[in-house]
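1. build me a model from this:
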Amino acid sequence: MALPSGALTVLIAEDSTADRMLLSGIVRRQGHQVLTAANGAEAVNAFRQQAPDLVLMDAMMPVMDGFEAARHIKALAGETLVPIIFLTSLTESEALARCLDAGGDDFLAKPYNPVILAAKIKAMDRLRRLQATVLEQRDLIARHHEYLLNEQRVAKAVFDKVAHSGCLSAPNIRYLQSPYALFNGDLLLAAFTPAGDMHVLLGDFTGHGLPAAVGAMPLAEVFYGMTAKGYGLAETLREMNAKLKRILPVDMFCCATLISLSFQRRSVEVWNGGMPDGYLHDIATGARKPLTARHLPLGVLSPQAFDDRTEVFPMAVGDRVFLLSDGVIDTSDVNEQLFGVERLQQVFAANRDPDLLFEDIEQALRDFRGQARDDVSMVEVSLLEATQLAPPPMVYSDSGQCSPLDWLVNFEFRVATLKRFNPLPFMLQLLLEVHGLRAQSGALYSVLAELYSNALEHGVLGLDSSLKRDAQGFARYYQLRNERLEQLQDGYIRVQLQVEPHAQGGRLIIHVEDSGAGFDVGKVMARPVDEGRLSGRGVSLIRQLSRSAEWSDDGRRVRVEFCWEALA
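-> Model prediction:
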């Protein structure tokens, strides 16, 4: 006979045959299936074989009493709730408490009342079903949680490959990153430009964890892509800001410090949007120049309102730039005291060995025994001799067999273009279509950059390189550069690129002409190279990196030549 819906399998453990038959009749009339046992050992064995839904257990039985049997049954049931109702004539409090200690869930006093028994069985069934629902939902949540964690682990692996695909392992970089959650809301990127300069970005997105890391992928894509093509900070910043403004919710943005370290010019270019002060550390004097935030974070302003102006500072070999996220200074101790800027300044002041400064700050954070409230990131970038670094070679997807080998192109860049556009990446990409020039990409970009910079700054803008004789003059030079470029009304730079094939390879001839007043070429070329001087390195660098370089028309025109050998 089929059991009604909601029927239970009830195990009755009772040593009295009469009571066992009485209970079995009552329980069957209520529509439930019955299993019986005459002692505790039989009850445990029946539970192991039949797994009943509920147990009616006599407390006092031979072989194994109800208390011991209840403990065995609860152990066998594990997390599944199998209610045990003790059948007892005991009335003493200690005896009833012993039933509960053994795992009992309720009592039924003798003689048995069918109405009360039915009510207790229904109540225990509700508890049993509620427990089953809770366990099912817990397991569902656990599976969903594991699924989400696995997705995040996969996403983090991809994120780390993208975010760390640059040159963070370079010998002049030391960094610490401690994420508040699985994903780091702080973003640290570093990459070499084609000229061998180094761009470094430390960013801090709103919040932390996965939401904060969402914007990191497109930001890293722009950073690495534009750096590899030779774009400067201004162009890269404008593109990153426009992209974040377009894709992020209105309440999300990215505070960021972006620097460009030039090993040849021995300078650092800085843009700080909403980050804590960074520091330029002069190892000769011990002085620290704050790199203060002068801009709003990325993703806040429209492209039209965005300010991409940067600051440029001179550096000597061994000097270093120190950047940090606000998670460092906002770290709190057990008394809710913040690590703070003042304590950081004390670490700077106490340092006696610049090579150990980074370790001193790490140790100070450990000694503080702080609890991070946000992602913690800091990075130190040192200026080394260019020969101490080995930028990775550029990778090309094509074979170079379709390389154009006989062409000439002319460009004229006028005022509106000079103010806002950097043509160097465009020209470099054009030249690197020539397979033979790819091996010289670093030198080629350095020469193009110096030629264009000289034509713009000394030619069109009329800036005097001797202004950069000291750190103050260096800063004044770049301030004047920005002012004059903004006020520029007239002028041009003309560039001609000519590629000629030869049986032994080929030749690139670069002509650059500007509308400036010119300069005394002989005087500049006769000047000895002074490694300590902050100016006058451009002409010497162009001559060193190219096959030949000739100036004419009082320095307003220059002809530079590169050659390459045919592939075997």
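2. strands of the stretch 1-150 of the chain, start to end?
-> 9-13, 33-37, 54-58, 84-88, 106-109 (DSSP state E, counting those that start in this stretch).
3. equivalent analysis for the stretch 451-568 of the chain, please.
-> 492-502, 505-514, 548-552, 557-565.
4. so what strands line up beside the shortest one?
-> Looking at strand 548-552 with DSSP bridges, its paired strands and their directions are strand 557-565 (antiparallel).
5. could you chop this protein up by domain?
-> 9-134, 164-388, 407-565 (automatic domain parsing).
6. so where's the stretch 151-300 of the chain shaky on pLDDT?
-> 152, 155-164, 179-185, 207-213 (pLDDT under 70).
7. same thing with the stretch 401-550 of the chain?
-> 401-403, 527-537.
8. mind doing that once more with 80?
-> 401-405, 468-472, 503-504, 520-538 (pLDDT under 80).
9. quick one, helices of it?
-> 415-420, 424-431, 441-453, 471-487, 521-526, 538-545 (DSSP state H, counting those that start in this stretch).
10. who are the contact partners of W407?
-> 498-499 (Cβ atoms under 8 Å, 6 or more residues apart in numbering). Where C-beta positions appear, they are placed from N, C-alpha and C, glycine not excepted.
11. hmm, try it at 10 Å
-> 430, 433-434, 497-501 (Cβ atoms under 10 Å, 6 or more residues apart in numbering).
12. just L356 next, same as before
-> Q363.
13. any idea how far it lies from V381?
-> To V381, L356 is 16 Å away according to Cβ to Cβ, to the nearest Å.
14. helix or strand for the spatially most central residue of the chain, which one?
-> Central residue of the chain (Cα atoms, centre = their mean): L187, 3.8 Å from the mean position. Element membership of L187, judged by DSSP states H and E, is strand 186-192.
15. that strand vs helix 441-453, what angle?
-> Here strand 186-192 runs at an angle of 90 degrees relative to helix 441-453 (axes from the mean of the first three to the mean of the last three Cα atoms, to 10 degrees).
16. other SSEs contacting strand 186-192?
-> On a contact count with 3 or more Cβ pairs under 10 Å, 6 or more residues apart in numbering; DSSP states H and E, strand 186-192 meets helix 114-163, strand 173-178, strand 198-205, helix 210-214, helix 216-228, strand 254-262, strand 376-382.
17. if you count neighbours, what's buried in the fifth one?
-> Taking 16 or more other Cβ atoms under 10 Å as the neighbour-count basis, helix 216-228 is seen to contain the buried residues 216, 219-220, 222-224, 226-228.
18. related to what we said a few turns ago, packed most tightly, which of the strands of the stretch 1-150 of the chain would that be?
-> Neighbour counts (mean count of other Cβ atoms under 10 Å) averaged over each of those peak at strand 54-58, with a mean of 27.
19. mind checking how far that strand is from the chain centre?
-> Chain-centre distance of strand 54-58: 59 Å, with Cα atoms, centre = their mean, to the nearest Å.
20. going forward, begin numbering at 57 instead of 1
-> Shifting the count to begin at 57 puts that one at strand 110-114.
21. direction included, what does it pair against?
-> strand 65-69 (parallel), strand 140-144 (parallel).
22. output that strand as CSV, nothing but the C-alphas.
-> C-alpha atoms of strand 110-114 as CSV (Å, rounded to 0.1, in the frame of the first residue of the first chain):
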residue,chain,number,x,y,z
LEU,A,110,12.4,10.0,13.2
VAL,A,111,13.1,7.8,16.3
LEU,A,112,10.9,7.1,19.3
MET,A,113,13.4,5.9,21.9
ASP,A,114,12.8,4.3,25.3
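23. so for it, mean pLDDT?
-> Averaged over strand 110-114, pLDDT sits at 93.
24. so how far is Y501 from the nearest residue to E621 once chain neighbours are set aside?
-> In this structure, E621 finds its nearest non-sequential neighbour in G561, 4.3 Å apart by Cβ to Cβ, 6 or more residues apart in numbering. Separation of G561 from Y501 (Cβ to Cβ): 20 Å.
25. what do you get for V111?
-> Taking Cβ to Cβ, one finds V111 at 83 Å from Y501.
26. tell me the contacts of G330?
-> G330 neighbours (Cβ under 10 Å, 6+ apart): 259-260, 309-313, 349-354, 356, 382.
27. just the helices in the stretch 307-456 of the chain please.
-> Under DSSP H, counting those that start in this stretch, the stretch 307-456 of the chain gives helices at 382-385, 396-406, 413-424.
28. follow-up on the earlier one: single out the most deeply packed of the helices of the stretch 457-606 of the chain.
-> On a mean-neighbour basis (criterion: mean count of other Cβ under 10 Å), the most buried of the helices of the stretch 457-606 of the chain is helix 497-509, at a mean of 22.
29. which ones are touching E398?
-> I385.
30. can you check what pLDDT the model gives it?
-> 88.
31. what do you get for A151?
-> So A151 comes in at 69 (pLDDT).
32. one more: the one 10 residues further on?
-> As summarised for this prediction, D161 has a pLDDT of 88.
33. ignoring the adjacent residues along the chain, who's closest to it?
-> Nearest to D161 is P139, by Cβ to Cβ, 6+ apart, at 4.5 Å.
34. please report the distance of that neighbour from G374.
-> Taking Cβ to Cβ, one finds P139 at 76 Å from G374.
35. now S522
-> Where G374 is concerned, S522 sits at a distance of 25 Å (Cβ to Cβ).
36. just to check, K301 is in contact with P274?
-> No. Using Cβ atoms under 10 Å, K301 makes no contact with P274, being 11.3 Å away.
37. residues near F477, how many?
-> Neighbour count for F477, taken as other Cβ atoms under 10 Å: 12.
38. ok, and the closest non-adjacent residue to it?
-> Nearest to F477 is F469, by Cβ to Cβ, 6+ apart, at 7.3 Å.
39. and that neighbour, what does it touch?
-> Here F469 is in contact with 477-479, 508, 511-512, 516, 547-551, 570 (Cβ under 10 Å, 6+ apart).
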